[in-house]
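Visitor: need coordinates for the following:
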Amino acid sequence: MSPPVITPSPIISESFQGETAILVNNLTMAYGDRVILRDITFTVNRGDIFIIMGGSGCGKSTLLRHLIGLQQPATGEVIYDSVDFWNLPPDERQRRMRRFGVLYQSGALWSSMTLAENIALPLEEYTALSRAEIADLVSFKLALVGLAGFGGYYPSEISGGMKKRAGLARAMALDPDILFFDEPSAGLDPISSRRLDDLIIELRDSLGATVVIVSHELPSIFAIGTNSVFLDAGTRTMIASGDPRRLLAESDDPLVHSFLTRGATGQSDNKHTPVGGSSS
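Guide: Next up is the predicted model:
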């Protein structure tokens, strides 16, 4: 069978290059005595579309929770702006978390609220803007994701792809420096998935944001990823990092090669699973 189709790497603006957005240093993650991942070290540069990838049960979503402030590491550092995030007082940590925009796999929209009300929620909670100013910003965010005119719709009235875009609009409500996505293409058809990929690149370029994505979807990984870390459930650590295209071309690790070529070879995700269960 033919190899995966690789699209050109998304261009990173020269104004971004060389600036560190996130530094993860010797991070170990555990649930009680059970270690999920250990000795994780990588750098996310400003302007990256950084992919957290690996087979099922390798700890991708666990790592994401540590990056966005939902779970404290056992040891190690997560550094933003030269400051160890987890050594900050809780109130300062909460303040810095407002600079993060997070799109969860489900979109996480409140079903009882319209799209406009969903997007307005963080603006009402964390800013002193007037109702009119919030309404203007909500309209602007909806237009950015191609949902102008849909503010009065409820989540149940729109498609899965539109829900993802609405969730992205809400994630951008407070103009975050960094956007975190957990499996954004999950459940989408190939056309909707590609549209979302294109939107992520457009928003990165227009807003100057850094993007971190948990994904196992090869088309998206190769279409938009500029940097990555590859996690392995068997060794419970990272076994590769770098541009996904470079890893495909140069990595001699059989697990990395199997994962990145599985669409062409028929091989499945990394079959290693941690003892005592899995963590995605």
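Visitor: tell me which element residue 26 falls in.
Guide: Using DSSP states H and E, residue 26 sits in strand 20-31.
Visitor: give me the contact list for the next helix or strand after that strand.
Guide: Next along the chain after strand 20-31, taking DSSP H and E as the criterion, comes strand 34-45. Strand 34-45 is contacted by residues 12, 16-30, 50, 58-59, 62-63, 74, 76, 210, 212, 227, 229, 231, 236-238, 241, 274, 276, 279 when judged by Cβ atoms under 8 Å, 6 or more residues apart in numbering. (Each C-beta comes from the backbone N, C-alpha and C, glycine too.)
Visitor: just the buried ones from those residues?
Guide: Buried members of the contacts of strand 34-45, counted by 16 or more other Cβ atoms under 10 Å: 12, 16, 21-24, 27-30, 50, 58-59, 62-63, 74, 76, 210, 212, 227, 229, 231, 236-238, 241, 274, 279.
Visitor: give the contact list for the residue nearest to residue 146 when sequence neighbours are not counted.
Guide: Using Cβ to Cβ, 6 or more residues apart in numbering and skipping the chain neighbours, the partner closest in space to residue 146 is residue 165 (6.2 Å). Counting by Cβ under 8 Å, 6+ apart, residue 165 touches 145, 146, 147, 196, 199.
Visitor: which SSE is residue 165 in?
Guide: Residue 165 belongs to helix 160-171 when assigned by DSSP H and E.
Visitor: in its sheet, which strands sit next to the very next helix or strand once past that helix, and in what direction?
Guide: Going down the chain from helix 160-171, the next helix or strand is strand 178-182, by DSSP H and E. Partners of strand 178-182 in the sheet, by DSSP bridges, are strand 100-103 (parallel), strand 210-214 (parallel).
Visitor: just the CA coordinates for strand 178-182, please, in CSV.
Guide: Extracted C-alpha coordinates of strand 178-182, given in CSV (Å, rounded to 0.1, in the frame of the first residue of the first chain):
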residue,chain,number,x,y,z
ILE,A,178,-2.0,29.2,24.3
LEU,A,179,-4.8,27.0,23.0
PHE,A,180,-5.0,23.3,24.2
PHE,A,181,-7.1,20.8,22.2
ASP,A,182,-8.0,17.3,23.4
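Visitor: next, the angle from it to helix 160-171.
Guide: Strand 178-182 runs at 150 degrees relative to helix 160-171, counting by axes from the mean of the first three to the mean of the last three Cα atoms, to 10 degrees.
Visitor: mind listing residues that contact the longest helix seen in the chain?
Guide: Counting by DSSP state H, the longest helix found in the chain is helix 190-207. Residues outside helix 190-207 that contact it (Cβ under 8 Å, 6+ apart): 10, 13, 47, 49, 144-146, 159-161, 164-165, 168, 172, 175, 179, 181, 184-185, 188, 209-211, 213, 217, 219-220, 223-224.
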